[in-house]
Each structure stands twice: as structure tokens, then as C-alpha cells.
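Undergrad: here is a sequence with its predicted model. Questions after.
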Amino acid sequence: MPWPEASSPTRAGIKNRIGIWFESDEIRITQWYRSQVSLRQDKLPLSCFYAVCYGYHVPRSYETSHPWIKFSLSSLQGVNQRLWAILGECQSKSEHIAGAPLDPQIASKVHNLYLVKGIRGTVAIEGNTLSEEEIKLKLQGKLTLPPSREYLAQEVANIVSGLREVSQAAMAGNPPPLSRRTIENFNSILLSKLDLDKDVVPGQIRKNVVGVFSCRGAPPEDCEYLVDRLCEWLNSKEFDCPPELSTALAIVKAIVSHIYLAWIHPFGDGNGRTARLVEFDILFSAGMPTPAAHLLSNHYNLTRTEYYRQLQHASDSGGNILPFVNYAVQGLLDGLREQLHVIRESQIDKIWQNYVYEAFGDTHSPAKIRRRLLVLELSKFADPVRFAKLTTISPAVQIAYSGASKLKLNRDLNALRHMNLIARGRKGTQANKDLIMAFLPGRAKVLPVTIKDLDSDQTPVAAF
């Protein structure tokens, strides 16, 4: 069969179907009887090449090497109540966190706490040894490292740059749609200013094989196609849902994107960090508050062995992603519960502080000011404090009671107990924060639900 002329309908059909612009100097056909023809990086059997002209399916290498990459939510069809219950609670708690009124200083503290945890989670799982305290210092511009460890700080700086880019776009109301170009840009940011292997170019799809055995990434000739296909799928109607379920489905979408990018492994380096940044992008763009959007990265790091086991199981099972989704969603829920506890404790502390100030009123009495200071500093301790250590619980208290007798301290404690602001017992003295808890309505104590608690209920509900 002769090669069609450049102006022929067949040649034009090839251009349209494959989406590759052919120029005379880009195609070299050495022998028609050979089984391969070079199309840029792709090598297709000649029969398949001509089959494209007539609309037939052209097999790709990944369909043999990675048959579990199916771009399908079929393994989530007919999901039972356990996953929907967890997703519903995740959405509810996320909305509570987003709407929680906090003192600006406390809000900043909570934000920075989980920013540090999220950054450490995404870099530590790939071998970065910086501690949370060191990452905190890096964010403050105070971290000093020896030259041999400076690359660790650069990895953190790159994560911060990626998070900032995502956050600014989403908060401006114009986040770019997920595309290969977006993902390539993320990888370019994450690998910026790092020493890399010679075959690794930040932001460029790899041209070499990576990984070993079952952990091998998809064939390099298919990576560009697979990332395009993934973005097209994630943006498709298959992930559409009613507004009231938007956060719940965004969680599933984010986790699915992570799994598929881990399978495809489209870049020479930084694939895990890129997958987790895409995950953050999807969650944050869907309205999840920043502290909550960092939780999955932290969960994967805290359960690193299980994380890799679940990824392996998802591919070994032929693409059944439900166990990984269950694992990730349960970790997200645990993190959200912890965040709400931190926020609730912060709110209680603020209410308690206001209550203490109101109890003393606008006083100028040295004795009352000293007692107020003592109860507020005592409030920072969860456990009772022994009498002998009360005057040393903080520098301010130490100064206030410098040279004071035990009688004076006892007199202050009795006055505070009379005001019902402290409780004294055999184990020591502590602030009576339970006093403000009495303002809350009574309720029975119930245990939180987990996925395992619902394992016995296999009643299917609406599919994705």
C-alpha cells in the first residue's frame, strides 16, 4: 500500500483522528513491511496506524502493562452506607470548620499548625527529614541549615509556592480547570531549583521508564495521553453532583486523581508531591478550608506503610479503588474530628478568658489583678498543679508572687475557689473550666462512627 499524499483525504483523516500534525520531514517510513512506524514518540503497528484512518481502536502500550488504568468509577458503583456516612460527616465537619468564628490570632495559629503538618506530610513521605519545628522556622524565614541539607528547605519552599498558587487562584474565584498544562506547571514549581537527574526536566512529561516491577509507571509513550485523558475524565459529567453533595464528591474526585497520577507516574521526579498538590487543588477549589485541605497529605505520611499497601492493592486488584478511598476518607475524617476539637478548645479558652475578666470586672486592685493572672495562667494546664509549683507555672506568676508567703497564696486560692473559678483536690489545683460547659445543652455520650463499624451493613445506596 503506497503512503498517501499530503493533500489526500486519507492523510487529512489521519491528522484529525490522531491529533498529530504531520509534516513531510517528521515522518520516516523506511520499509512498508516493517511492523512499526514512527509517530513522534509513539510507535504503533502499521496495521493499527491505518486502522486509525477508518475509526478503529488503536491499542496502547499501557493497556497491556497497566490494564487497571480504566478511567472508571465502576468499583464505586452501589457503594454501601458506610462510605456515604463517612463522606457526609466529612462534608459536615468541613463546613463547620469553614464557618467557625475564631479570634484572628487563634485562626492564624490553627492555619499555620495544619499548614506545617500538611507540608511535612507531603515531603516526609518522600524522604525529607525536616521536622515540623524546622518547617515552621522555614516559613518564618528563620531556618538555618548546613549546605548539605539546604535542598530539604528548597523542597519545602517549592511546596509553599505550589500551595500559594492554588490558593490565590481559587480565592480570586478563577481557578484554572484541571488540565495537563496545570499539572505540568505544578510539577515545574515543585521541582524548581532542585538538583535532579539529567533525564528529569521539571514540568515535562518523562521520556524514560521509571519504577520497578509492579510499581513501574505507565509507558512513557502513553503518559501525555493518559494525563490528558485523566483531566478530561475528572472534568466530565461523571463527577457532576447536586450542590448539596459537592464537597463529598470533591473528596472522592481528589482521592481518585491522586491514585491515577500515582499509577501513571507521568514525570521523572516529584510525582507524589504533584499528586498531592492536585488533590489539594481539587479540595480547596471545591470550598474546603485550607486546614482541612491539608489533612490527606498528613494522613498518608502518618500511615505510610498502609498508604503504599493500599496503592499496591488497588492495582493488583485490577483497578478496584474502593479500599483506597475507604482508607483515605477515614483518615480525612479522623483529621477533621481532631481539627474541630482543636477549634472547639480554642473557642472554649476564649470564652473562659472573657468569663474570668467579667468575673473580676474593671478592677485596679493589686490583689484581684494577681488572682486573675493566677487563674488565667492555671487555665493553660490540663492537669491539676501541686501547691508547691503554683507560683512557678509562668514567668508572670513567678514575678507576681515573688517574696509572697504561703499564707498569701492560700488566701488567693480560697478567694478564687469562692468565686468558683478553681477546683482544689488531693492532686492539686486546676481552673474550673467545666463551669462554662454547663451553658451547653445536655446530650447523651455516643461513640463516633467509623467505616469498620458499618462493615456489617451492606445495603447499597445511590451510586456515584
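TA: That came through fine. Numbers count the residues shown, from 1 in each chain.
Undergrad: ok, how many other residues are close to residue 64?
TA: By other Cβ atoms under 10 Å, 9 other residues sit near residue 64. Where you see a C-beta, it was placed from the backbone N, CA and C, and this is true even at glycine.
Undergrad: buried residues of the strand or helix carrying it, list them for me.
TA: Assessed by DSSP states H and E, residue 64 sits inside helix 62-65. Neighbour-count burial for helix 62-65 flags residue 62 (criterion: 16 or more other Cβ atoms under 10 Å).
Undergrad: packing partners for it?
TA: Helix 62-65 is packed against no helix or strand, with contacts defined by 3 or more Cβ pairs under 8 Å, 6 or more residues apart in numbering; DSSP states H and E.
Undergrad: can we start the residue count at 53 from this point?
TA: Yep, numbering from 53; the last one is helix 114-117 now.
Undergrad: for it, list the C-alpha coordinates in PDB.
TA: Provided in PDB are the C-alpha atoms of helix 114-117 (Å, rounded to 0.1, in the frame of the first residue of the first chain):
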ATOM      1  CA  TYR A 114      -0.500   0.900  28.900                       C
ATOM      2  CA  GLU A 115      -3.500  -1.300  28.100                       C
ATOM      3  CA  THR A 116      -1.200  -4.300  28.400                       C
ATOM      4  CA  SER A 117       1.200  -3.100  31.100                       C
END
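Undergrad: can you give me the pLDDT of residue 484?
TA: Per-residue pLDDT puts residue 484 at 94.
Undergrad: scratch that, residue 132
TA: Residue 132 is given a pLDDT of 70.
Undergrad: one more: residue 129?
TA: 78.
Undergrad: burial measure for it, as a count.
TA: By the measure other Cβ under 10 Å, the count of residues near residue 129 is 12.
Undergrad: ok, residue 375 next?
TA: Neighbour tally, residue 375, other Cβ under 10 Å: 14.
Undergrad: how about residue 422?
TA: Residues lying near residue 422 (other Cβ under 10 Å) number 17.
Undergrad: report the distance from the strand or helix carrying it to the chain centre.
TA: If you go by DSSP H and E, residue 422 is part of helix 418-430. Counting by Cα atoms, centre = their mean, to the nearest Å, helix 418-430 is centred 42 Å from the centre of its parent chain.
Undergrad: point out the other helices and strands that that helix packs with.
TA: Partner elements for helix 418-430 (3+ Cβ pairs under 8 Å, 6+ apart): helix 374-412, helix 447-452, helix 458-470, strand 480-483.
Undergrad: just checking, what packs against the shortest one?
TA: In terms of contacts (3+ Cβ pairs under 8 Å, 6+ apart), strand 480-483 is packed against helix 418-430, strand 474-477.
Undergrad: adding distance to residue 305 and mean pLDDT, write those out as CSV.
TA: CSV is the format used below for these (distance: least, Cβ to Cβ, whole Å; pLDDT from 0 to 100):
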stretch, distance to residue 305, mean pLDDT
helix 418-430, 46, 96
strand 474-477, 49, 93
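Undergrad: residue 344: neighbouring residues, count only.
TA: Neighbour tally, residue 344, other Cβ under 10 Å: 26.
Undergrad: please apply the same query to residue 387.
TA: With other Cβ under 10 Å as criterion, residue 387 counts 23.
Undergrad: skipping adjacent residues, who's closest to it in space?
TA: Nearest non-adjacent residue to residue 387, counting by Cβ to Cβ, 6 or more residues apart in numbering: residue 347, 3.6 Å away.
Undergrad: let me see the confidence value for that neighbour.
TA: Looking at residue 347, its pLDDT is 96.
Undergrad: try residue 169
TA: 95.
Undergrad: residues near residue 310, how many?
TA: 25.
Undergrad: quick one: it from residue 482, how far?
TA: In this view, residue 310 and residue 482 are 44 Å apart by Cβ to Cβ, to the nearest Å.
Undergrad: equivalent analysis for residue 299, please.
TA: 39 Å.
Undergrad: what about residue 221, neighbour count?
TA: Close neighbours of residue 221, defined as other Cβ under 10 Å, add up to 16.
Undergrad: right, and it touches residue 228 too?
TA: Yes: if you go by Cβ atoms under 8 Å, residue 221 and residue 228 touch, sitting 6.4 Å apart.
Undergrad: need the helices for the stretch 53-202 of the chain, in chain order.
TA: Along the stretch 53-202 of the chain, the stretches classed as helices by DSSP state H, counting those that start in this stretch are 61-70, 98-105, 114-117, 133-151, 156-176, 184-191, 202-223.
Undergrad: quick one, which of these is nearest to residue 421?
TA: helix 156-176 (22.5 Å; Cβ to Cβ).
Undergrad: just the buried residues of that closest one, please?
TA: Buried residues in helix 156-176 (16+ other Cβ under 10 Å): 158, 162, 165-176.
Undergrad: check the spacing between residue 338 and residue 304 real quick.
TA: Distance of residue 338 to residue 304, given as Cβ to Cβ: 11 Å.
Undergrad: picking that back up, wait, which of the helices of the stretch 53-202 of the chain is closest to residue 376?
TA: helix 133-151 (11.7 Å).
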